[in-house]
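Enquirer: got a predicted structure here, sequence first:
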Amino acid sequence: MRQVKVSFPDDFYHTFMEYLKDKPEVSVDEEFENLDKSVPQWQQDIVLDRIKTSKPEDYRSWEEVKKDLDKKWNFNG
């Protein structure tokens with residue numbers, strides 16, 4: 001099954017969703033439609049500050065981090 005992100009005018013949303021709900025082969029997940037997708041300014045400021053002040057030695061590879069997490073949580077999968 002494939003997923004598609006579709007954008008259309010707000011006034012067409014209800015009509016489009018009603019059409020899709022009648023199709024048994026289509027799965028509609030509206031959960032993410034109600035999320036606030038904006039990032040608060042305070043959080044943006046923190047991330048930008050961390051980017052500016054970070055040094056190469058502050059970074060670790062995903063493999064290193066995963067190994068430490070696996071060890072900490074006894075996960076061998």
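Expert: Alright, I've got the coordinates. Residues are numbered from 1 along each chain as shown.

Enquirer: export the helix or strand of the chain with the lowest mean pLDDT to CSV, keeping only CA atoms.
Expert: When each helix and strand of the chain is scored by mean pLDDT, DSSP states H and E, helix 10-21 comes last, with a mean of 83. The C-alpha coordinates for helix 10-21 follow below in CSV (Å, rounded to 0.1, in the frame of the first residue of the first chain):
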residue,chain,number,x,y,z
ASP,A,10,-10.1,23.9,3.1
ASP,A,11,-13.6,24.2,1.7
PHE,A,12,-13.0,21.0,-0.3
TYR,A,13,-11.7,18.9,2.7
HIS,A,14,-15.1,17.6,3.9
THR,A,15,-16.2,16.5,0.4
PHE,A,16,-12.9,14.8,-0.3
MET,A,17,-12.9,12.9,3.0
GLU,A,18,-16.4,11.7,2.6
TYR,A,19,-15.5,10.4,-0.8
LEU,A,20,-12.6,8.5,0.5
LYS,A,21,-14.4,7.0,3.5
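
Enquirer: whatever helix or strand comes next after that helix - what's its average pLDDT?
Expert: Next helix or strand after helix 10-21 toward the C-terminus (DSSP states H and E): helix 41-53. In this model, helix 41-53 has a mean pLDDT of 94.

Enquirer: which residues does the next helix or strand after helix 41-53 contact?
Expert: Proceeding N to C from helix 41-53, the next assigned helix or strand is helix 62-73, under DSSP H and E. Applying C-beta atoms under 8 Å, 6 or more residues apart in numbering, the contact partners of helix 62-73 are 75-76. (Each C-beta comes from the backbone N, C-alpha and C, glycine too.)

Enquirer: sweet, I'm off.
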